[in-house]
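Enquirer: Kindly return the folded structure for what I paste below:
(chains A and B)
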Amino acid sequence: MRWDAQTRAVTVCCGLVGLFSVYSFRLIDLQLVKHEEYAARAAEKHVHRQTIYAKRGMVRDIHDEVLANNLPVETVVGDSSLIREPMAVAEAIANQLEVDPRELASKLSSGTKYVVLKQEVSEARAEEIRANLRAARLKGIRFEPGFRRMYPNGSLLAQVVGFLDHKHDGMMGIERTMQEFLQGTDGFRYIEIDRTGRELVPYRGLEKPAKDGCDVTLTIDLGLQSIIEQELDAACAQYRPQRAIAIMMRPATGEILAMSSRPTFDPNAPGESKPEQQKNGGIVDMVEPGSTFKIVATSAALEEKLVTPNTSIFCENGRFQYAGRVLRDAHPMGVLTVHQILAKSSNIGVAKLALQLGDDKLYGYIRKFGFGEKTGVALTGEIPGLVIPLNRWTKLEITRIPMGQSVAVTPLQLVTAMSIIANGGKLMKPLIVAKITDPDGRPVVTFAPEVIRQVVSVETTKKVVSALKDVVSKQGTAQKAAVKGFKVAGKTGTAQKVDPRGGYYQGRYVTSFVGFMPADDPRFSLLVMLDDPQTEPGEAYGGLVAAPIFARMAERAANYLDLRPTEVEPQVAGSANNPKKESLTAAARD
Amino acid sequence: MNRSTRRNVTYSIKVASILKMVLCTALLAVAGLSYVYFKNQEQQYGNIQRRLEAELARLHASNEVVNAQIASLSSRAFLEKKLAKDSLGLVSIANDQLVRLNPRRDRDRAGDALRPVSNRGFTTTLTTTFTK
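Expert: Next up is the predicted model:
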């Protein structure tokens, strides 16, 4: 072959074609065949999924007073792969983080890309650190936004509002039950970063904005809550009970206006409290209600038209033998009307009413009043109480249960039951959440009052209210529950404390008063319950311990709510503001 | 003969073609440089956007901090503690000193007529009237 010019040109061309073909094949290999593999490798190195954190919603009272909100804080994170001088970085930030620089430097030298240096650093501190790093031209420290849940009112309403765990999930109370609405949904954004860790904004990828949590508005009125808690604290200081509980409800709607129990805790530092302090006694404690339960059998007997308020019943002069056991009244009473049985709180009288009703009907009314089942309030840990099933009743139950023994109820069930009498016979579902609004203030869910059932007729409730008004009179057991200018209706309760080992403790009582005001147009019903108050011997009665506390709370609540007085003359001589003890007849205690 | 013929051949320069090539090259260069310029601009705006976003986030955070402080300082619990601690001399009004302004019933007829007041507790309509 001649190696002439043409041959040389063809050879060079072929060489070039071959060379470029190799390049082309490699390019095709890289760009098409292995595209997915290399794209994934590149993305792994440079593309990050950045979380956009959603803001947790706030909890407010009915007048928009803040009960729970968020304080922005930051988590300081180090990327040791970007840090050349760990000691210099450590010294620049150690003061603000209040950490030993050597300890910090060792963390920053670990070689890991994600080292948490400190959590919950305040915004001001974080800004100082940023300024220090900028001034010293140091890299490798980044800040992740977060929040700390704040409860500006401290222990006020603590057991209702609840608190969060370390993952910012609701642990109890409203924080837990409304978790789904409060937490919001985190968003994300795919970003590319350069070698120094800075975002390359033009290469931002898919982005989904965060959806902030909704705000929850409670039915609680913090003004009333404050009154209730102050009086409860005063009562605890005076009587040193094991537990003290107060619940205020609007009878017409079932809205809970105030709810508190003692002991309590500060949700800003939940770790410093005991479980006993954190539980909401209003829904997780059950007690034998004592005489407050007499409204059930009395209402039932009146509703069934077995008796009228004026029907006379012989109360056996305080000693009634039934089913081999003796039932006693605190003080011997002869013939009483049904009205008087309630006003004077006769155990024998109410037992005889129950006997007229029979087991089936009594049990039916107990359940209709809502006992033995959860009320359905939007709070965690509610228990149903304890009503012995009808098939396990002995002969004694029909005389014990009507006076509030052999039955266990929660304080919320008790105040809900009293609200039935106050509102014309309707069992209302207790409401604690009024509405849920989105971050722009638009309502998402509004909770309307819900009538569960009509328990007794309006006529029956009027008859019972008339008797309950007499309870708070000179003839009744709770004249210390009277409030100047207003008619109060209510019922005292003094139950012997149940011994978990069986039987009852001697000389230890659960004293309570549950009532409503004004009696003829109730604006609120209120329960006050003190478990094992320390009193002088013979004074641990609902009428002497719980009734005056009720009166003080009710009087301040009436002022707060600007209720117009309904009575021209004071209901009784004594008043809540007059602490002077009046000599009560023994019969007028409970 | 051949040599003299070769000498006399003249090669004309095709200016138009050269200009076309120069123009194309220039256009390509301008396009390339513009691409680079705009890429740089994009990068710079991206950096500005990042800084502004960070600034906005900081402002939002400071706003929330201030909101949290306001909520804390205006909370009922804090104010009650402050009141008790600083002994501001405020005394709660006794019940018998409260005077209630009754809501007017003849709202439509009487303009700014003085309304009867009542001492809360015992009477709902006293005949006493307020005068300034």
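Enquirer: Check which element follows the longest helix belonging to chain A along the chain.
Expert: Ranked by residue count under DSSP state H, the longest helix found in chain A is helix A:5-28. Using DSSP states H and E, the helix or strand that follows helix A:5-28 in sequence is helix A:35-46.
Enquirer: any bit of that next one sitting next to chain B?
Expert: No. Between helix A:35-46 and chain B, judged by CB under 8 Å from any CB of the partner chain, nothing touches; the nearest distance is 14.6 Å. Quick note: C-beta positions are derived from backbone N, CA and C, even for glycine.
Enquirer: Compute the inter-axis angle for that helix and helix A:5-28.
Expert: Computed with axes from the mean of the first three to the mean of the last three CA atoms, to 10 degrees, the direction of helix A:35-46 lies at 60 degrees from that of helix A:5-28.
Enquirer: residues making contact with helix A:35-46?
Expert: A:30, A:192-194 (CB atoms under 8 Å, 6 or more residues apart in numbering or on different chains).
Enquirer: Highest neighbour count among these?
Expert: A:Glu192 (17 neighbours; other CB atoms under 10 Å in any protein chain shown).
Enquirer: Quick check: the gap between it and A:Pro86.
Expert: Going from A:Glu192 to A:Pro86 by CB to CB, to the nearest Å gives 27 Å.
Enquirer: what do you get for A:Ala495?
Expert: A:Ala495 sits 68 Å away from A:Pro86, going by CB to CB.
Enquirer: Could you do A:Pro267 as well?
Expert: 39 Å.
Enquirer: Over to A:Arg250?
Expert: 63 Å.
Enquirer: These two - which one has more neighbours?
Expert: Shown here are A:Arg250 and A:Pro86; by other CB under 10 Å, A:Arg250 has more neighbours (22 against 19).
Enquirer: what pairs with the more buried one across the strands?
Expert: In this entry, A:Arg250 is beta-bridged to A:Glu255, by DSSP bridges.
Enquirer: That one reaches A:Ala258, doesn't it?
Expert: No. Contact criterion CB atoms under 8 Å: A:Arg250 and A:Ala258 do not qualify, at 10.4 Å.
Enquirer: Low-confidence ranges, the chain, go.
Expert: All of this refers to chain A. Applying pLDDT under 70 to chain A flags the ranges A:1, A:568-590.
Enquirer: sorry, should have said chain B
Expert: By pLDDT under 70, the low-scoring segments of chain B are B:1-7, B:95-96, B:100-132.
Enquirer: if we go to 50?
Expert: B:1, B:106-110, B:115, B:118-132 (pLDDT under 50).
Enquirer: coming back round to it: of the contacts of helix A:35-46, which belong to strands?
Expert: Taking DSSP state E, the ones among the contacts of helix A:35-46 that sit in strands are A:Glu192.
Enquirer: can you narrow the contacts of helix A:35-46 to ones near chain B?
Expert: Residues of these in contact with chain B (CB under 8 Å from any CB): none.
Enquirer: Closest to A:Leu206 out of the contacts of helix A:35-46?
Expert: Proximity of the contacts of helix A:35-46 to A:Leu206 (CB to CB) peaks at A:Glu192, which lies at 12.2 Å.
Enquirer: ok, the closest residue in space to the closest one that isn't next to it in sequence - how many residues close by?
Expert: Among residues not flanking A:Glu192 along the chain, A:Tyr203 sits closest, at 4.1 Å (CB to CB, 6 or more residues apart in numbering or on different chains). A:Tyr203 is flanked by 16 other residues according to other CB under 10 Å.
Enquirer: burial measure for whatever residue of the stretch 351-500 of chain A ends up closest to chain B, as a count.
Expert: Residue nearest to chain B within the stretch 351-500 of chain A (CB to the nearest CB): A:Gly485, separated by 4.2 Å. Number of residues near A:Gly485 (other CB under 10 Å) recorded here: 25.
Enquirer: Where does A:Ile348 sit: helix, strand or coil?
Expert: Assigned with DSSP: H, G, I helix; E, B strand; the rest coil, A:Ile348 falls in the helix class.
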